[in-house]
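Visitor: Need the 3D shape of this:
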Amino acid sequence: MISVVMATYNGEKYIEKQLQTILNQTLLPDEVIIRDDCSNDKTVSIIEEFIENNNLNNWDVKVNEHNLGYRKNFEELLNLAQGDYIFLSDQDDEWLEDKLKDMVEIFQKNKKIQSLNGGVELINDESQKIEVCAEKNMYNANLYFSTKSLSQLSEISLSDLVISNITPGCAMAITKKLRDSFLETYDAKLPHDWYLNMIAAHENGCYFLNRPVIDYRIHANNTIGITETDGILQKFHAFDMKQRIIDFQLQVDAIDGIERDYGELDEETKYTRNFLSARIKFYKEPSFSNFNMMRQYRDYRERTAIKGKIWDWVIALKIDKILYLFERN
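Guide: Numbers count the residues shown, from 1 in each chain. Presented below is the predicted three-dimensional model:
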């Protein structure tokens with residue numbers, strides 16, 4: 001049995017395209033469960049009309065009693081799913097027509113796989129492809145870093161997931177067994193898809209399918225950061241060190257929880273956790289000695305982009321504070 005679970009919120013602009021690409025699958029799901037998180041636009045009415053017009057008796061949409069946020073919404077959705085294989089869906093992407101068929105076949109041929117993460121191609125607001133120039137050691141539209149060359153189907157280690165996730169949750173599928181384990185321990189502090197992959201990787205069951213399964217929509221109003229025309233002072237101010245400390249600490253806490261709930265970590269994962277702890281210490285106490293300690297880790301040398309390393313030098317040398325004082329005067 002195959003389940004698709006979709007969380008929606010104010011998605012009227014693209015929701016019908018997403019629904020149509022699910023209906024166009026060469027292998028159709030046995031159930032589609034949609035939970036809307038109290039939208040104030042036409043999202044729900046569009047979904048209801050789509051279900052009625054296509055006589056989709058195995059599709060179900062309901063509105064949450066109150067706004068849960070996307071993490072808790074997906075947790076509730078996963079709890080409702082009955083499928084042996086459960087596919088996560090956002091509200092604004094476009095699935096390639098063989099996504100369900102190809103990924104289910106891979107699950108059935110590889111019983112150890114608990115989470116299967118497909119690749120993405122990027123599209124814009126008008127569903128036009130966005131060309132991406134692959135960076136060194138980067139895969140999946142530059143969303144996933146790996147110093148190891150990836151094959152068509154590659155196991156992903158827990159140590160890799162300490163730093164970042166593999167692909168957006170809308171390109172992943174999981175087994176019912178992984179779902180059950182997730183529901184026992186998830187605290188909604190880390191994104192649900194990332195945590196699902198961490199649990200799977202602890203049991204050597206997290207895999208990446210190195211080819212696109214969806215067109216992943218990038219919105220103009222989702223751009224994070226500041227434009228290239230901003231000055232250097234604005235860029236310094238945009239660097240939120242406190243938020244980085246919070247984010248890194250959540251990643252460390254998640255790994256600590258997995259060790260507590262699922263058993264001892266491998267040495268590579270412990271090493272990567274130590275690197276993150278060193279990075280947290282540097283941001284809390286940006287001394288040159290803490291900077292040098294962080295730089296000793298292989299993960300820092302291999303994973304941190306040039307831009308990130310420049311920011312770290314700025315912080316270690318207190319240049320940001322000097323410029324702030326200069327700006328005030």
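Visitor: per-domain residue ranges of the chain.
Guide: With domains defined by automatic domain parsing, the chain comprises 2-222, 232-328.
Visitor: just for this structure, where's the confidence low?
Guide: 220-239, 319-329 (pLDDT under 70).
Visitor: The helix or strand encompassing Leu78: how far from the chain's middle?
Guide: Assigned by DSSP states H and E, Leu78 falls within helix 70-80. Distance, stretch centre to chain centre, for helix 70-80: 15 Å (C-alpha atoms, centre = their mean, to the nearest Å).
Visitor: before we move on, the earlier item: need the domains of the chain in a markdown table (columns: mean neighbour count).
Guide: C-beta here means a position set from N, CA and C on the backbone, and glycine is covered the same way. Converted to a markdown table, those look like this (neighbours: other C-beta atoms under 10 Å):
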| stretch | mean neighbour count |
| --- | --- |
| domain 2-222 | 18 |
| domain 232-328 | 15 |
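Visitor: For Phe282, see how far away the residue nearest to Ala316 when sequence neighbours are not counted is.
Guide: Take Ala316 and drop its neighbours on the chain: the residue closest to it by C-beta to C-beta, 6 or more residues apart in numbering is Phe291, 3.9 Å away. Separation of Phe291 from Phe282 (C-beta to C-beta, to the nearest Å): 6 Å.
Visitor: Now do the shared contacts for these two.
Guide: Common contact partners of Phe291 and Phe282 (C-beta atoms under 8 Å, 6 or more residues apart in numbering): 312, 315-316.
Visitor: Show residues contacting the lengthiest helix in the chain.
Guide: In the chain, with assignment by DSSP state H, the single longest helix is helix 241-262. Contacts to helix 241-262, defined as C-beta under 8 Å, 6+ apart, come from residues 158, 162-163, 181, 184-185, 187, 189-190, 194-195, 198-199, 202-203, 265, 269, 273, 276-277, 279-280, 283-284, 286, 315.
Visitor: immediately after it, which helix or strand?
Guide: Next element after helix 241-262 (DSSP H and E): helix 267-284.
Visitor: contacts for that next one?
Guide: Against helix 267-284 from outside (C-beta under 8 Å, 6+ apart): 157-159, 162-163, 241, 244-245, 248-249, 251-252, 255-256, 265, 290-291, 293-294, 297, 299-300, 312, 315-316.
Visitor: do the same with stretch 72-88
Guide: 1-7, 9, 29-31, 33, 35, 37, 64, 68, 99-100, 103-104, 107, 169-170, 172-176, 179, 182-183, 186, 188, 192-193.
Visitor: From what I see, the residue nearest to Ala316 and Val314 are in contact.
Guide: No - applying C-beta atoms under 8 Å as the test, Phe291 and Val314 come out as separate, 10.7 Å apart.
Visitor: What ranges does the chain have for its strands?
Guide: 2-8, 31-36, 59-63, 85-89, 94-95, 115-123, 138-139, 144-145, 153-155, 172-175, 206-217 (DSSP state E).
Visitor: partner strands of the fourth one, parallel or antiparallel?
Guide: Going back to what we said before, that points to strand 85-89. strand 2-8 (parallel), strand 172-175 (antiparallel) (DSSP bridges).
Visitor: picking up where we left off before, would you list the strands of the chain in TSV and tack on distance to Phe50?
Guide: Formatted as TSV, the strands of the chain follow (distance: least, C-beta to C-beta, whole Å):
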stretch	distance to Phe50
strand 2-8	12
strand 31-36	10
strand 59-63	8
strand 85-89	14
strand 94-95	15
strand 115-123	21
strand 138-139	34
strand 144-145	33
strand 153-155	33
strand 172-175	22
strand 206-217	18
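Visitor: Please identify which of those strands is closest to Glu131.
Guide: strand 115-123 (8.4 Å; C-beta to C-beta).
Visitor: Run through the neighbouring helices and strands of that closest one.
Guide: helix 99-109, strand 172-175, helix 192-202, strand 206-217 (3 or more C-beta pairs under 8 Å, 6 or more residues apart in numbering; DSSP states H and E).
Visitor: Quick one: residues contacting Glu94.
Guide: 17-18, 21, 123, 127, 214-215, 217.
Visitor: wait, doesn't Ile199 sit right on Asp180?
Guide: No - the criterion here is C-beta under 8 Å, and Ile199 misses it with Asp180 at 10.5 Å.
Visitor: ok, and the closest non-adjacent residue to the residue nearest the centre of the chain?
Guide: Central residue of the chain (C-alpha atoms, centre = their mean): Pro168, 4.0 Å from the mean position. Leaving aside its chain neighbours, Pro168 sits nearest to Tyr216 (6.0 Å; criterion: C-beta to C-beta, 6+ apart).
Visitor: so what's the one you found up against?
Guide: Tyr216 neighbours (C-beta under 8 Å, 6+ apart): 93, 120-123, 141, 168, 170-171.
Visitor: how much space between the spatially closest residue to Asn210 that is not a sequence neighbour and Glu65?
Guide: Once flanking residues are discounted, Asn210 sits nearest to Leu150: 5.0 Å by C-beta to C-beta, 6+ apart. Distance from Leu150 to Glu65, counting by C-beta to C-beta: 43 Å.
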